[in-house]
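Trainee: Give the three-dimensional model of this entry:
(one chain, ligands or ions: 1)
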Amino acid sequence: MLGCGGYLPDRIVTNAELAKQVETSDEWIIERTGIRERRVAAEGEKTSDLAIAASERALAKAGIGADALDMIIVATSTPDNTFPATATRVQAELGALKAWAFDQQAVCSGFVYALATADAYLRSGMAETALVIGAETFSRILDWEDRGTCVLFGDGAGAVVLRAEDGAGATSDRGILATDLNTDGRYADLLYVDGGPSSTQTVGKLRMHGREVFRHAIVNLAETAEKVIERAGVDASDVDWIVPHQANIRIIAGTAKKLGVPMDRVVVTVDRHGNTSAASIPLALVDAVESGRIKPGELLLMEAMGGGMTWGAALVRW
Ligand code: UT7
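Mentor: Down below sits the predicted model:
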């Protein structure tokens with residue numbers, strides 16, 4: 001990984017502000033989720049705008065120009081339009097005209113899915129340099145009258161630049177060491193948007209059976225994490241940082257506990273960002289890299305679960 005960058009919209013929405021709109025409280029939200037505030041995109045600010053801003057920062061950190069990119073994946077469930085892919089606008093605005101670009105949709109697992117996809121392209125030799133972005137404007141698909149969901153999500157984008165390099169085949173190699181992806185479509189009704197071009201011809205609103213999703217989360221996340229740890233031939237005690245999807249502090253802490261990783265080795269941004277779906281892992285990564293907590297050579301465990309139901313993990317040496 002050559003570099004990462006993130007972007008958050010300016011507008012901060014606090015729990016207190018939400019408590020004026022729906023029957024909730026700062027205390028309830030903090031206690032049940034760990035969220036204190038979230039960002040909301042400005043009127044007219046699109047998912048692609050957030051993705052472009054994050055990508056420009058990631059490219060600058062990577063020290064390469066957009067013309068060096070072979071491929072761009074935008075992981076998103078809140079695209080600018082039904083089509084073309086949000087990634088096509090990102091490609092044009094960055095001037096990455098050599099790159100093919102497409103969106104990938106695995107909801108909150110989107111970044112892990114996109115990372116695994118890019119990794120497969122790089123390993124096959126089909127691409128040498130890839131830009132992987134998680135970008136969302138979930139504020140646009142929330143039912144702002146449903147207190148069970150509207151307090152949970154936020155907007156933002158994070159991006160990483162990947163380049164294929166020969167490794168020694170050892171666990172000390174830098175980059176993506178192992179990935180694991182899972183889907184169980186039988187649980188699609190637990191978290192979904194009740195609209196779409198082919199069903200209702202509307203955008204729809206997010207619907208979630210939170211308690212049911214929660215029930216699956218820790219078990220699934222610990223399982224996928226254990227799979228990548230085993231696949232890479234390392235031990236859970238070798239993990240320097242968990243960089244988890246930021247849905248709920250209780251899920252983050254429960255998964256870390258199951259893996260035996262102390263909370264001071266877990267990157268937490270859910271308090272400030274809320275759940276930014278596919279953007280949450282790269283935003284957490286950027287937060288920890290830019291504050292100097294994550295250092296080159298450290299072993300990162302990324303894990304996520306979301307609508308689909310989808311879940312997965314990636315083990316990355318930074
Ligand atoms: O990123 C994709 C994956 N998504 C997730 O991982 C989300 C997983 N789920 C969760 O994080 C949690 O289930 C929630 C945060 C959504 C809810 O927490 P919970 O502890 O599971 O609460 P609950 O749904 O069991 O609700 C408990 C009570 C209910 O009242 P009754 O029925 O017990 O009287 C809710 O109506 O809390 C009520 N409630 C609220 N109260 C105040 C639900 N939302 C709110 C709210 N403020 N915002």
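
Trainee: Just give me the neighbour total for Asp80.
Mentor: 21 (other Cβ atoms under 10 Å). Just so you know, the C-beta spots here come from the backbone N, C-alpha and C atoms, and that holds for glycine as well.

Trainee: what does the stretch 51-200 of the chain put close to the ligand?
Mentor: Residues of the stretch 51-200 of the chain found near the ligand (Cβ under 6 Å from any ligand atom) are 108, 147-148, 151.

Trainee: The host helix or strand of Ala92 packs against which elements?
Mentor: Under the assignment given by DSSP states H and E, the secondary-structure element containing Ala92 is helix 86-94. Packing contacts for helix 86-94, counted by 3 or more Cβ pairs under 8 Å, 6 or more residues apart in numbering; DSSP states H and E, involve helix 47-62, strand 71-75, strand 100-104, strand 129-137.

Trainee: Need the contact partners of that helix.
Mentor: With Cβ atoms under 8 Å, 6 or more residues apart in numbering as the test, helix 86-94 has contacts from 46-48, 51-52, 55-56, 59, 66, 69, 72-74, 76, 79-80, 96-97, 99, 101-103, 131, 133, 135.

Trainee: Are any of those buried, and if so which?
Mentor: The neighbour-count test (16 or more other Cβ atoms under 10 Å) marks 46-48, 51-52, 55-56, 59, 66, 69, 72-74, 76, 79-80, 96, 99, 101-103, 131, 133, 135 as buried among these.

Trainee: any chance of the helices and strands packed on helix 86-94 in CSV, with mean pLDDT too?
Mentor: Converted to CSV, these look like this (pLDDT from 0 to 100):
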stretch, mean pLDDT
helix 47-62, 99
strand 71-75, 99
strand 100-104, 98
strand 129-137, 99
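
Trainee: Would you convert these into JSON lines that also reports distance to Asn182?
Mentor: Output for those, formatted as JSON lines (distance: least, Cβ to Cβ, whole Å):
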{"stretch": "helix 47-62", "distance to Asn182": "25"}
{"stretch": "strand 71-75", "distance to Asn182": "16"}
{"stretch": "strand 100-104", "distance to Asn182": "15"}
{"stretch": "strand 129-137", "distance to Asn182": "18"}
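
Trainee: Ser139 is in contact with Ala42, isn't it?
Mentor: No. Under the criterion of Cβ atoms under 8 Å, Ser139 makes no contact with Ala42, lying 10.2 Å away.

Trainee: In terms of neighbours, single out the busier of these two.
Mentor: It is Ser139, of Ser139 and Ala42, that has more neighbours when counted by other Cβ under 10 Å, with 21 against 11.

Trainee: any idea how far the more buried one is from Glu43?
Mentor: Taking Cβ to Cβ, to the nearest Å as the measure, Ser139 and Glu43 are separated by 11 Å.

Trainee: Ok, Ala188 next?
Mentor: When Cβ to Cβ is the yardstick, Ala188 and Glu43 sit 31 Å from each other.

Trainee: How about Arg36?
Mentor: Separation of Arg36 from Glu43 (Cβ to Cβ) stands at 24 Å.

Trainee: domain ranges for the protein?
Mentor: The chain breaks down into these domains under automatic domain parsing: 3-163, 175-317.

Trainee: In the chain, which residue is most central in space?
Mentor: Taking Cα atoms, centre = their mean, the centroid of the chain lies closest to Ala278, which sits 3.1 Å from it.

Trainee: Now do the closest residue to that residue other than its chain neighbours: how many residues are near it, please.
Mentor: On the basis of Cβ to Cβ, 6 or more residues apart in numbering, the spatially nearest residue to Ala278 that is not a chain neighbour turns out to be Gly110, at 3.1 Å. Look at Gly110: counted by other Cβ under 10 Å, it has 33 neighbours.

Trainee: Then the one 10 residues further on?
Mentor: Other residues lying near Ala120 total 13 when counted by other Cβ under 10 Å.

Trainee: Let me see the confidence value for the closest residue to the ligand within the stretch 201-318 of the chain.
Mentor: Distance from the ligand to each residue of the stretch 201-318 of the chain (Cβ to the nearest ligand atom) is smallest for Gly210, at 2.7 Å. With respect to pLDDT, Gly210 scores 97.

Trainee: correct me, but it touches Thr149?
Mentor: Yes. Using Cβ under 8 Å, Gly210 is in contact with Thr149, at 7.5 Å.

Trainee: If we ignore the residues flanking it in sequence, what's nearest the closest residue to the ligand within the stretch 1-150 of the chain?
Mentor: At 3.2 Å from the ligand, Thr24 is the closest residue in the stretch 1-150 of the chain, using Cβ to the nearest ligand atom. Spatial nearest neighbour of Thr24, excluding adjacent residues (Cβ to Cβ, 6+ apart): Arg147 at 4.8 Å.

Trainee: That neighbour: neighbouring residues, count only.
Mentor: When counting by other Cβ under 10 Å, one arrives at 18 neighbours for Arg147.

Trainee: Roughly how far does it sit from Leu18?
Mentor: 8 Å.

Trainee: Name the residues contacting each of these two.
Mentor: Thr24.
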